Every structure is written in structure tokens, then in C-alpha cells.
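Engineer: Have a look; sequence and predicted model below, questions after that.
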Amino acid sequence: MRITIAGTGYVGLVTGVALAEIGHEVICYDIDDEKVNRLKEGISPIYEPGIDQLLVKNQLNNRLSFSSDCSEVYSTPDIIMIAVGTPEKEDGSANLSYVYQVAKDISKYLNTQQAIVVTKSTVPVGTNRKVKQWIEEEIDFHSKIHIVSNPEFLREGSALYDTFHGDRIVIGSEDEEAATKMEELYSPLNIPIIHTDIESAEMIKYASNAFLATKISFINEIANICEKVGANIEDVSKGIGMDQRIGSKFLQAGIGYGGSCFPKDTKALVQLAGDVKHRFHLLEAVINVNNNQPLLLLKKARNYVGSFKDVKVAVLGLAFKPNTDDIRESAALVVLKHLLNEGAQVNVYDPIAIANARKVLGNTVTYYETIEAAIKDTEIVFIVTEWKQVKEFPLRNYLDLMKTPIVIDGRNCYEVKEAAALNMTYSSIGRESVTAAKIEIK
Ligand SMILES: NC(=O)C1=CN([C@@H]2O[C@H](COP(=O)(O)OP(=O)(O)OC[C@H]3O[C@@H](n4cnc5c(N)ncnc54)[C@H](O)[C@@H]3O)[C@@H](O)[C@H]2O)C=CC1
Ligand SMILES: O=C(O)[C@H]1O[C@H](OP(=O)(O)OP(=O)(O)OC[C@H]2O[C@@H](n3ccc(=O)[nH]c3=O)[C@H](O)[C@@H]2O)[C@H](O)[C@@H](O)[C@@H]1O
């Protein structure tokens, strides 16, 4: 099939590459000329395992191309997919202006009797119908628009894997022909498909993200209690996760969820509920717990140093999770904001997110590409992202390299026992803290 995808971000690009790989003819369109020019040269603007190879392979096969000219992409494709951003507005609701723009461009350039317009972007319930209306209100000839809600569930850092091995594909449509065409589109992937009405498909996306966020805030709250009652969150997570009704995934306690989706989608769902006069108390609590979680890490550190003024600090990890260069809503940014406001001198380490971090943090911090260099002569280290490089970095090296080895681990990368044996000061999430005999507590 001939597919046009609007937006070449994480979702649009990965979807485009994957659909080309399974044999479709895909053209990806973006308003960002620079991004498109780099993509034309086979350079991915995002870090995502496996993307570079498949990008080049499918361009050479002539199954994948890129354009920044919307007059040529929307005229006659079999399917148009919308994968543009839906960032949060100040009130927490989703900003649909990019989706609106795509709809308007489609209405201007579409030149077929029938079109299937699929929304992959995460959009509030009711948006797909608006997309249809936005297209139809300006279209200047008779063309039948079939809308399909086809939300995306990929995770950054494993986006291609998730696309090829997803748990399900959701197709929300009220037109049988369009739904069948969508099934054909995805059939080579061999992933279970669930057909629903449009509103249910839209809700499945928000409910999935809200549920996963709830699991994380729940386990973080349990972790916070564990610390106070002398229980160990790692054992507790394992113990509850073995109950198949609960499941072991998304029970990793830490510094809270970040990224471009959970924070914005939970807020958007609270807002959506509010619009229909339903106060979503549970999700509000999930958000509050998450907002507080990075602050607890700072509180732990203050127990040892009092204030951060002129303290030499290293923050390990800037990305919101490992295997991505995405720093959007990363807990690292929250920690850094407080440290800098309070006058700390901050070194940061990240294996791949430094370029993106520089755009936001400028020269307020010092960037390092090795952990050794970042922690050298520092007084406190905060572990914020559980990069493999961090997990594999020997705990003993902190002792050797830091001025005062105080490690505040927001991702439970090390064993408490090991820190105790090394006589370090080590505090993590939901576990006992150990204090080195020599460290002076102010
Ligand atoms: N990032 C993720 O892991 C996931 C994101 N989503 C959802 O998918 C949507 C897209 O997210 P990302 O890919 O992360 O966004 P992104 O911000 O990485 O990419 C969006 C792209 O759309 C382009 N764009 C903006 N206006 C346009 C227009 N009128 N025509 C064509 N392109 C335009 C931008 O230049 C940008 O390259 C959002 O609704 C998000 O919530 C859903 C599942 C996973
Ligand atoms: O809608 C989206 O954009 C996507 O949001 C998440 O994917 P993503 O944000 O890429 O990453 P996750 O692996 O879900 O992690 C999100 C955050 O939760 C945190 N997390 C995750 C799991 C866990 O057990 N504990 C925990 O703190 C991570 O550190 C990270 O900050 C969902 O997992 C995807 O299914 C969804 O498509």
C-alpha cells in the first residue's frame, strides 16, 4: 500500500521505517526541513536502537522516502497517518494545533474519491471526529473521508522492537472497509488486532498510559513506606509481581516517571475527565506522587550536606530512561533545577543525551562523557538514569574518585550490602540507607 505519514518524530519515523520494512511504499512528511534533509541522507534525527540500518535499507529499496512539501504527499495515498506531536497546554489539556494543521493540509491537497485518515498521535476522545470535520469543512470536491483511530504503544529506546512485537494493534473505526484495509496494512506483523469504535480506541491509549503511570506511582509510594518500616522494595516488588494478576512489569521503584508521554497523557486524561464533570481523584494522586518523587532524592542528600550551596555534585543520566537521547520531562531536569537554584556546582554524565541537554541547560552545568570524569572530586553523586554504563560502573570507584563518597541512587543500581561493605554513604529508593563512618552529618 502507499502510505503517507505526517510527522517524522519517534512515532512517525519508526512507523514509517517499520511499514516500509514489511513491504509498503511509505512517504514521511515533516514541516521541519532540516530533519527531512538529514533523513534524505539516511541520518536519523533520533537515537533509537536499529533505526539507522532499516532507514538506509528501505531508502535504497525505494520503499521509504521523505518530503517537506505537503502538496506532493497528500494527493493520492491509500492511507494517511497522523503522527505529529500533541504536547500539553498550560492547563494540562492536549494541544491539537499540529493535528489541526495536518487536517487542513490534507483538505487542501487530497485528490482522491476516498481516503483513510488514521490518527496515531495520542489525542483526546472525540478528536478523530474533529479531524474528519476539519478535513471535510474545507475540501473543495466530493471525497469520502474514513477516519481510523490507531493509537501507538511503542516505548522509546525499544521502539522498533515494540512495533514488530507489539502486544496488540488497536483499530477504532466505524467503516468496515477502512478497518479491513488497516488489518491488511498490519497483517505481515502478525500481532493480535482489536477492533473497536473510535472513542474506545482513543480511550484505550490514555487508559493504558494512565494505568502504567499508576503502577509506577503505586510502587514508589510503597517504596517510600518501605524505607520507613525497614522493608526492601526490591523484594516487595518481586513478591507482588509474581502474582500473575499483578504482573512484574512496571514495578521498578525509582525517581518517578518522565518522558514525553506519561506526564502529559495523565494530565490530559484528568482534564478530559474534568470536561465531562468527572474528577479523576486517583490519577490526580498518581501525578502528585510522581511530582514529589524527585524531591525525595534531594531530601535524602540534604540529610548529609545540609545545603547544596557550593557543593560539587555529579548527576549520572540525563535521559528520562536508558537507551534514548530524549530528555523531555526527565526527572534529571527537576533534580538539576533544584541543585542549580541552590548554588551547587554540577557535573553531568550521559552516554547519548548530552547534545539534547545542552539545548536546554546551556553552560549551567559541566558535561562529561565518562562517569569517571564526571564524579572526580565531587561530594555527592545522584544516579538518575539506570544506564547500563552506570549499573556496570564499580561501586568501589566512587570511593576512589569522589571527595566524599555520598551516592544517592534514584534507580537502585547497586546492592545496599555492597555499599555497606565498602563503608560508603549510600541511599537508594525503598531500601535501607548506609552511612560511612567517616562522613560528617551536619
Ligand atoms: N514518543 C513516543 O514514544 C510515543 C508518542 N506517542 C504520541 O505520538 C505523537 C507524536 O509523538 P512523537 O513522535 O514523540 O513526537 P515528536 O515531537 O518526536 O515528533 C513530531 C513531529 O511532527 C512534526 N510536525 C509538526 N507539525 C507538523 C505538520 N503540520 N505536518 C507534518 N509534521 C509536523 C514535527 O516537526 C516533529 O518532527 C504524540 O501524540 C505522542 O503523544 C504515542 C506513543 C509513543
Ligand atoms: O505513549 C507513549 O509515548 C508511550 O509511553 C510509554 O513509553 P515511554 O515513555 O517511551 O517509556 P517507558 O518505558 O514506559 O518509561 C516511562 C517512564 O517510566 C519510568 N518507569 C518505567 C517503569 C518502571 O517500572 N518504573 C519507572 O520508573 C521510566 O524510567 C520512564 O521515566 C509507554 O510504555 C508506551 O507504551 C507508550 O506508547
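Structural biologist: Good, I have the coordinates. Ligands and ions are numbered 1, 2, ... in the order given.
Engineer: Torsion angles phi and psi at the closest residue to Pro192 other than its chain neighbours?
Structural biologist: Once flanking residues are discounted, Pro192 sits nearest to Arg168: 5.1 Å by C-beta to C-beta, 6 or more residues apart in numbering. C-beta coordinates here come from the backbone N, C-alpha and C atoms, glycine included. Dihedral pair for Arg168: phi -160, psi 160, per degrees, to the nearest 10.
Engineer: And for Arg168, the neighbour number?
Structural biologist: Around Arg168 sit 12 other residues, with neighbours defined as other C-beta atoms under 10 Å.
Engineer: show me what contacts it?
Structural biologist: Counting by C-beta atoms under 8 Å, 6 or more residues apart in numbering, Arg168 touches 153, 191-194.
Engineer: other SSEs contacting the longest helix seen in the chain?
Structural biologist: Ranked by number of residues, the top helix in the chain under DSSP state H is helix 198-229. In this structure, helix 198-229 packs against helix 127-136, strand 144-149, strand 169-173, helix 233-241, helix 262-275, helix 281-305, with contacts taken as 3 or more C-beta pairs under 8 Å, 6 or more residues apart in numbering; DSSP states H and E.
Engineer: ok, is that helix in contact with ligand 2 or not?
Structural biologist: Yes. On the criterion C-beta under 6 Å from any ligand atom, helix 198-229 is in touch with ligand 2 at 209, 212, 216.
Engineer: among these, who's most crowded?
Structural biologist: Asn209 (23 neighbours).
Engineer: Leaving out the residues flanking it, which one is nearest to that residue?
Structural biologist: Asp265 (4.3 Å).
Engineer: show me what contacts the one you found?
Structural biologist: 122, 205-206, 209-210, 213.
Engineer: circling back: just send the residues of helix 198-229 next to ligand 2 back as CSV, with pLDDT too.
Structural biologist: Formatted as CSV, the residues of helix 198-229 next to ligand 2 follow (pLDDT from 0 to 100):
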residue, pLDDT
Asn209, 98
Leu212, 98
Ile216, 98
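Engineer: In the chain, which residue sits nearest ligand 1?
Structural biologist: Across the chain, the shortest distance to ligand 1 (C-beta to the nearest ligand atom) belongs to Gly9, at 1.8 Å.
Engineer: Check that residue and give its pLDDT.
Structural biologist: Reported pLDDT at Gly9 in the predicted model: 95.
Engineer: try Thr112
Structural biologist: Looking at Thr112, its pLDDT is 86.
Engineer: repeat for Thr76
Structural biologist: At Thr76, pLDDT is 88.
Engineer: With adjacent residues omitted, what lies nearest to it?
Structural biologist: Thr76 sits nearest to Thr112 (C-beta to C-beta, 6+ apart), 5.3 Å away.
Engineer: how many neighbours does Asp33 have?
Structural biologist: Neighbourhood size, Asp33 [other C-beta under 10 Å]: 10.
Engineer: That one: what's it in contact with?
Structural biologist: By C-beta under 8 Å, 6+ apart, the contact set of Asp33 is Ser68.
Engineer: gap between it and Ser67?
Structural biologist: Distance, Asp33 to Ser67, using C-beta to C-beta, to the nearest Å: 10 Å.
Engineer: Just the buried positions in stretch 284-294, please.
Structural biologist: Neighbour counts using 16 or more other C-beta atoms under 10 Å place 286-287, 289-290, 293-294 of stretch 284-294 among the buried residues.
Engineer: now swap in stretch 225-239 and tell me
Structural biologist: Buried-residue list, stretch 225-239, by 16+ other C-beta under 10 Å: 226-227, 231-234, 236-237.
Engineer: With stretch 160-167 instead?
Structural biologist: Going by neighbour count (16+ other C-beta under 10 Å), the buried part of stretch 160-167 is 160, 162-164, 166.
Engineer: can I assume Leu318 is in contact with Asn347?
Structural biologist: No. Between Leu318 and Asn347 there is no contact, the gap being 11.5 Å when judged by C-beta atoms under 8 Å.
Engineer: Neighbour count: the two, which is higher?
Structural biologist: Counted by other C-beta under 10 Å, Leu318 and Asn347 do not tie: Leu318 has more neighbours, with 30 against 21.
Engineer: Run through the residues that contact Pro77.
Structural biologist: Applying C-beta under 8 Å, 6+ apart, the residues contacting Pro77 are 2-4, 27, 115.
Engineer: Mind checking which of those residues land in strands?
Structural biologist: 2-4, 27, 115 (DSSP state E).
Engineer: Pull the most distant pair out of those.
Structural biologist: Comparing all pairs in the ones in strands among the contacts of Pro77 by C-beta to C-beta, the longest separation belongs to Ile27 and Ala115, at 14.7 Å.
Engineer: Of those two, which one has the most company?
Structural biologist: Ala115 (24 against 19).
Engineer: Can you read off the pLDDT for the most centrally placed residue in the chain?
Structural biologist: The residue lying closest to the centre of the chain (C-alpha atoms, centre = their mean) is Gly259, at 3.7 Å. For Gly259, the model assigns a pLDDT of 96.
Engineer: Arg431 now?
Structural biologist: 98.
Engineer: For it, grab phi and psi.
Structural biologist: Torsion angles, degrees, to the nearest 10, at Arg431: phi -140, psi 170.
Engineer: for the one 3 residues further on, same thing?
Structural biologist: Backbone torsions for Val434, taken as degrees, to the nearest 10, come to phi -120, psi 140.
Engineer: The closest residue to it other than its chain neighbours: what secondary structure?
Structural biologist: Of all residues not flanking Val434 in the chain, Ala420 sits nearest, at 4.4 Å (C-beta to C-beta, 6+ apart). What DSSP: H, G, I helix; E, B strand; the rest coil gives for Ala420 is helix.
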